[in-house]
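J.: Requesting a structural model of the entry that follows:
(chains A and B, ligands or ions: 3)
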Amino acid sequence: MSYNFKETMNKPERLAPGHRMCAGCGGTIAVRNVLRGLHEGDRAVIGNATGCLEVSTFTYPYTAWEDSYIHNAFENAGATLSGVEGAYKALKRKGKLDETYKFITFGGDGGTYDIGFQSLSGAMERNHDLVYVCYDNGAYMNTGIQRSSATPMYADTTTTPVGSQSNGKPQNRKDLAAIIAAHDVPYVAQTTFVQNFKDLHVKSEKAIYTPGAAFLNIMAPCPRGWRYNTPDIMEICRLGVETCYWPLFEVEEGKWILNYEPKKKLPIEDFLRPQGRFKHLFKKGNEYLLEAFQKEVDRRWDELLFRCSR
Amino acid sequence: MAKRDRLSGNEAVAIALRQINPDVFPAFPITPSTEIPQYFASFAANGQVDTEFIPVESEHSSMSAAIGASAAGARSLTATSSCGLAYMWEELYIAASNRLPLALALVNRALSGPININCDHSDSMGARDSGWIQMYAENNQEAYDNMVQAYRISEHPDVRLPIMICQDGFITSHAVENIELLEDEEVQKFVGEYNPENYLLNPQCPMAVGPYSVTDYYMEAKRNQAEGMRHVSRVVLDVAKEYKKLSGREYGLFEEYRMDDAERAVVMIGSAAGTTKDAIDRLREQGEKVGLIKIRLYRPFPASEIAEALKNVKAVAIMDRAEGYTNHGGPLGADVMAALYRAHADALAVNYIYGLGGRDVRVKDMENVFAALKQMMADGDAGETYRYLGIRE
Ligand SMILES: Cc1ncc(C[n+]2csc(CCOP(=O)(O)OP(=O)(O)O)c2C)c(N)n1
Ligand code: SF4
Ligand SMILES: [Mg+2]
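T.: Ligands and ions are numbered 1, 2, ... in the order given. Next comes the predicted model:
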């Protein structure tokens, strides 16, 4: 698969403008670019868990989706698309359908890491021919920025508020991509909006066209929940990657591949500083929290390097 | 040409499903419904069906996948009992609101706790307001016949609602009885092809399912579902008429047993109706004017028809195999009493809770119920209207 930026960007939009997501939301950027992975002429059925994306793109009687689309509930995007894909197989078997369809479902981190985890795990383990895309903004944004198991350590959320006895979320984030990789599915990848989207475009196409189950974890910043200057989204993503907070990697048929290694790993402060949810970490006396955060990032990065070196 | 056989209720339903040859069947095991997907999995494994059988990781997912499949344009179903139904609660409402005509083979079992695997109707009664059509069976033959008729009702263009085909756990699901099966081709011809109007996998026109709906639209959507429900009784009767031509067996919204001149009646759902019929036969021999109304279609509820059937009855006992915790009875009791009230009936009515968690109902128990009705008539008063049958106080 050779990659051509211009061609990819010139593909017709499959998520129409006019939806009600916030300006600058990472969620829609993720969706529009994942859908660019579809070959022209191929049809798709899109699934979606309840969350910001769903309530803002399919508000009756309007839909922003050019393809067939199904939202079922918060916790069952994996199972729902399993059923759609099952229908496709059955209708093909009965000679009732000639066309080729691809199956892509989007879930927020809440709908994916937490409440929809079982449904996702089932769909992955059964190896349905579908792609599950998590647009990870690290909290339940739709209900007002509550913590999820994807929320980074120390983040100030409405259910892990910073207070005199609290430094924000006490726990570290769940490493979901690794957990899904442990399901032994054909393709898992982690990406975000960097390198002019090449990494995201290439991985999306691979995920969509790899037979069997695939999982994409996309860091998709939310300016409201993260409290950074909205136009700076690309810089936030770049810092996530350059600090090794959000590494770019793939797991193909069980083989871990590191896609990008920063020439000089930036300190984690660079990623945290522009975000209001981490403001308290930069108060005098809280240096130890930054140290602990850095230690965790380093530990995970080393673990990833080890996995990719085998 | 009918075939005679001896089958359990679960096997009978599984055979009906093999004959229907649905497109997608996601399922998860739970006693006493487990055998249905098990039998079906072996049909799939032996190439006897074209169905995509999906052994999912939970009932929430079996219903979610059945919904996805149905929206995609496939004929889909699942099977479950008790906690499995409770676990898919949220999805029941979503299936109905999306107007998806999928089926659920429900084998009634008590809800936890205490955990209990035997029959009562607490599982499906809790789902009575979810927007599903609910149909119940007295015996294996009825469970089979209802399953064969299910999609003709649910897929009818005036209806388009999901349908729950219920039978009593163990009492019919596991008991082996004589049964008459239709030929495979007869069933296929009767059920027909599923050709939905709009569906996800329609290359001519994409579709979006499951919107967020603001206050401006939500209520109209709900009213629309009610519109589908309004047509169910008529469609059930039309389908039954056609089915009678094919099978020789007659079905309605409910069965009236020896009701012609009955002064006292029992209204109930499910397998205990067989026991009640025995009690009625014995009492009739002694000249007592007793009868039974056995509900087949519980949702929508045929209220005026039931009131009409009870119009000459002086005392009626409504039997609930589920608690309602209203302090005055169960769900069927509430439905029937409301129907009587609307019809300005003056029958004395009592509501019994019976058979919870598989508690046996004997002929003698039902004779006692009829005796209690006799006493009410003599007293000219119903007395305590919320009673328990066969309880150790
Ligand atoms: C069973 C259930 N529980 C809770 C909710 C309420 N709810 C809707 S969306 C949401 C959070 C979504 O978070 P996420 O998946 O991260 O998506 P985001 O809104 O952040 O894009 C919650 C808690 C629900 N719809 N269903
Ligand atoms: S709250 Fe955040 S995730 Fe939700 S639409 Fe706005 S920017 Fe996007
Ligand atoms: Mg989120």
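J.: For the residue in the stretch 251-393 of chain B that ligand 2 sits nearest to, list each beta-bridge partner.
T.: Here the stretch 251-393 of chain B gets closest to ligand 2 at one residue, B:R299, 38.3 Å apart by C-beta to the nearest ligand atom. Bear in mind the C-beta positions are built from the backbone N, C-alpha and C, glycine included. Applying DSSP bridges to B:R299 gives these bridge partners: B:Q134.
J.: What is the neighbour count of it?
T.: 21 (other C-beta atoms under 10 Å in any protein chain shown).
J.: how many neighbours does the residue nearest to A:V185 when sequence neighbours are not counted have?
T.: What sits nearest to A:V185 in space, not counting adjacent residues and going by C-beta to C-beta, 6 or more residues apart in numbering or on different chains, is A:A213, at 4.3 Å. By the criterion of other C-beta under 10 Å, A:A213 has 28 neighbours.
J.: can you tell me how far A:A213 sits from ligand 1?
T.: From A:A213 across to ligand 1, the span is 20 Å (C-beta to the nearest ligand atom, to the nearest Å).
J.: one step back: verify the stated contact: the residue of the stretch 251-393 of chain B closest to ligand 2 with B:M125.
T.: No: the criterion here is C-beta atoms under 8 Å, and B:R299 misses it with B:M125 at 10.1 Å.
J.: Quickly note the distance from the residue nearest to A:V185 to A:K11.
T.: A:A213 is 24 Å from A:K11, where distance means C-beta to C-beta, to the nearest Å.
J.: Name all residues that make contact with the residue of the stretch 251-393 of chain B closest to ligand 2.
T.: Neighbouring residues of B:R299 by C-beta atoms under 8 Å, 6 or more residues apart in numbering or on different chains: B:128, B:132-134, B:229.
J.: Run through who's touching stretch B:368-375.
T.: B:264, B:266, B:279-280, B:283, B:288, B:290, B:315-317, B:319, B:348, B:350, B:352, B:383, B:387, B:389.
J.: 6 Å instead, please
T.: If you take C-beta atoms under 6 Å, 6 or more residues apart in numbering or on different chains as the criterion, stretch B:368-375 is touched by B:264, B:283, B:290, B:315, B:317.
J.: Now do it, average pLDDT.
T.: Mean per-residue pLDDT for stretch B:368-375: 98.
J.: residues of it that come out buried?
T.: Neighbour-count burial for stretch B:368-375 flags B:369-370, B:372-374 (criterion: 16 or more other C-beta atoms under 10 Å in any protein chain shown).
J.: Distance of the closest residue to ligand 3 within the stretch 1-150 of chain A relative to chain B?
T.: The stretch 1-150 of chain A approaches ligand 3 most closely through A:G108 (3.6 Å), counting by C-beta to the ion. Relative to chain B, A:G108 is positioned 14 Å away (C-beta to the nearest C-beta, to the nearest Å).
J.: so who does the closest residue to that residue other than its chain neighbours touch?
T.: Counting by C-beta to C-beta, 6+ apart, A:G108 lies nearest to A:G51, which is 3.7 Å off, once chain neighbours are set aside. Going by C-beta under 6 Å, 6+ apart, A:G51 touches A:108, A:111, A:142.
J.: Show the contacting residues for the last one.
T.: Okay, so that is A:N142. A:N142 touches A:51-52, counting by C-beta under 6 Å, 6+ apart.
J.: Which of the helices or strands spans it?
T.: Using DSSP states H and E, A:N142 sits within no helix or strand.
J.: what's the closest non-adjacent residue to B:S58?
T.: In space, B:S58 is closest to B:F28, 5.7 Å off (C-beta to C-beta, 6+ apart).
J.: surely the one you found meets B:E59?
T.: Yes: B:F28 lies in contact with B:E59 (C-beta atoms under 6 Å); the separation is 4.9 Å.
J.: Which residue does the stretch 101-250 of chain B have closest to ligand 2?
T.: B:Y212 (12.8 Å).
J.: Show the pLDDT at the residue of the stretch 251-393 of chain B closest to ligand 2.
T.: B:R299 is given a pLDDT of 98.
J.: Can you pull the residues of the stretch 101-250 of chain B lying near ligand 2?
T.: When proximity is defined by C-beta under 6 Å from any ligand atom, the stretch 101-250 of chain B lies next to ligand 2 nowhere.
J.: show me where the stretch 101-250 of chain B has strands.
T.: With DSSP state E, counting those that start in this stretch as the criterion, the stretch 101-250 of chain B has strands at B:103-108, B:133-136, B:163-168, B:176-181, B:208-209.
J.: As a markdown table, these with distance to B:E52 would be great.
T.: Output for these, formatted as a markdown table (distance: least, C-beta to C-beta, whole Å):
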| stretch | distance to B:E52 |
| --- | --- |
| strand B:103-108 | 15 |
| strand B:133-136 | 24 |
| strand B:163-168 | 20 |
| strand B:176-181 | 25 |
| strand B:208-209 | 19 |
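J.: if we can go back for a sec, so the residue of the stretch 101-250 of chain B closest to ligand 2 touches A:L53, yeah?
T.: No: using C-beta under 6 Å, B:Y212 makes no contact with A:L53, being 10.6 Å away.
J.: out of the two, which sits in the busier spot?
T.: Legend: neighbour count by other C-beta under 10 Å for B:Y212 and A:L53, higher for A:L53 (29 against 16).
J.: tell me the contacts of that one?
T.: A:27, A:106.
J.: Give the residue spans of chain A that score low on pLDDT.
T.: A:1 (pLDDT under 70).
J.: same question, the stretch 101-250 of chain B
T.: The stretch 101-250 of chain B contains no residues with pLDDT under 70.
J.: Pick out the residue of it closest to ligand 3.
T.: Here the stretch 101-250 of chain B gets closest to ligand 3 at one residue, B:Y212, 16.3 Å apart by C-beta to the ion.
J.: Give me the distance between the residue in the stretch 201-310 of chain A that ligand 3 sits nearest to and A:G144.
T.: Distances between the stretch 201-310 of chain A and ligand 3 by C-beta to the ion are smallest at A:C222, namely 7.0 Å. Distance from A:C222 to A:G144, counting by C-beta to C-beta: 12 Å.
J.: Next: B:E255.
T.: 54 Å.
J.: which of these two has more neighbours?
T.: Taking neighbours as other C-beta under 10 Å, B:E255 and A:G144 compare with B:E255 leading, 17 against 12.
J.: Wait, a helix at that one?
T.: No: counting by DSSP: H, G, I helix; E, B strand; the rest coil, one finds B:E255 to be strand, located in no helix.
J.: mind listing what the residue nearest to it when sequence neighbours are not counted touches?
T.: Excluding the flanking residues, the one nearest B:E255 by C-beta to C-beta, 6+ apart is B:K294, at 4.4 Å. Residues near B:K294 by C-beta under 6 Å, 6+ apart: B:254-255, B:273.
J.: same thing but at 8 Å, please
T.: Neighbour list for B:K294: B:138, B:254-255, B:257, B:268-269, B:273, B:276 [criterion: C-beta under 8 Å, 6+ apart].
J.: give me the subset of the residues you listed touching ligand 1.
T.: Filtering the contacts of B:K294 for proximity to ligand 1 by C-beta under 6 Å from any ligand atom leaves nothing.
J.: Return the member of these nearest to B:C119.
T.: Distance to B:C119 across those (C-beta to C-beta) is lowest for B:I269, with 11.3 Å.
J.: Output the residue of the stretch 51-200 of chain B whose distance to ligand 1 is smallest.
T.: B:E90 (6.4 Å).
J.: That should have said the stretch 101-250 of chain A, apologies.
T.: Counting by C-beta to the nearest ligand atom, the stretch 101-250 of chain A gets nearest to ligand 1 through A:G108 (2.1 Å).
J.: Touching, that residue and A:Y132? I think so.
T.: No: using C-beta under 8 Å, A:G108 is not in contact with A:Y132; the gap is 12.0 Å.
J.: Nearest residue to B:R296 in space, ignoring adjacent ones along the chain?
T.: In space, and not counting its chain neighbours, B:R296 is closest to B:F254: 5.4 Å by C-beta to C-beta, 6+ apart.
J.: For the one you found, list each beta-bridge partner.
T.: With DSSP bridges applied, B:F254 shows beta-bridge pairing to B:I295.
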